[in-house]
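Student: sequence first, predicted model second:
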Amino acid sequence: MSTTTTYGYKKPQTGDKGSSWFGDLEFDIDRLDSHDHEGTNSKLITPTAMSVTSQSILASAWSVVGDGTFKQTVTMPTGLTFVNVNFRIYIDGGTHDGSIIYPSIKKVAANTYDIYINDNTLDLIAVYK
């Protein structure tokens, strides 16, 4: 007779065999296939478990688009792509150092994007998780 673990998996007991054991194995495989680490069907992944990479976006590299808009093309660090990271953009230095901003971002390739802002004096930092 199997027991059920904290997150709902079935753990066979010593001596379990036959259809009961294989049924529990099939159940666990299906459960593993659909879990998402949200804390109910599997252990919650903590933010500290994620690796963080940052990248400077320097004020000296902004180019004029027009109508008060400036742009840079940014290539993410090696190994990072739009499908395997989330990222935020922060002001790097000055009065608003560390403030999150929400610039316009347009994907150019799997690991490259154009970033648009209206202040070409800002140094920014992209933080990828």
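Tutor: Received the coordinates, thanks.
Student: low-scoring stretches of the chain, by residue?
Tutor: Confidence mapping of the chain against pLDDT under 70 gives the ranges 41, 47-48, 50.
Student: at 80 what do you get?
Tutor: Within the chain, the set of residues satisfying pLDDT under 80 comprises 1, 7-9, 12-21, 28, 31-51.
Student: tell me which stretches of it form strands.
Tutor: 3-4, 10-11, 53-57, 63-66, 69-75, 87-91, 100-101, 104-109, 112-117, 124-128 (DSSP state E).
Student: count of neighbours near the nearest residue to Ser104 once chain neighbours are set aside?
Tutor: Spatial nearest neighbour of Ser104, excluding adjacent residues (Cβ to Cβ, 6 or more residues apart in numbering): Tyr116 at 4.1 Å. Backbone N, C-alpha and C define where each C-beta goes, glycine included. The number of residues packed near Tyr116 is 14, by other Cβ atoms under 10 Å.
Student: returning to what we had before: any chance of the strands of the chain in TSV, plus distance to Asp33?
Tutor: Shown next, in TSV, are these (distance: least, Cβ to Cβ, whole Å):
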stretch	distance to Asp33
strand 3-4	18
strand 10-11	15
strand 53-57	29
strand 63-66	46
strand 69-75	34
strand 87-91	28
strand 100-101	35
strand 104-109	29
strand 112-117	32
strand 124-128	28
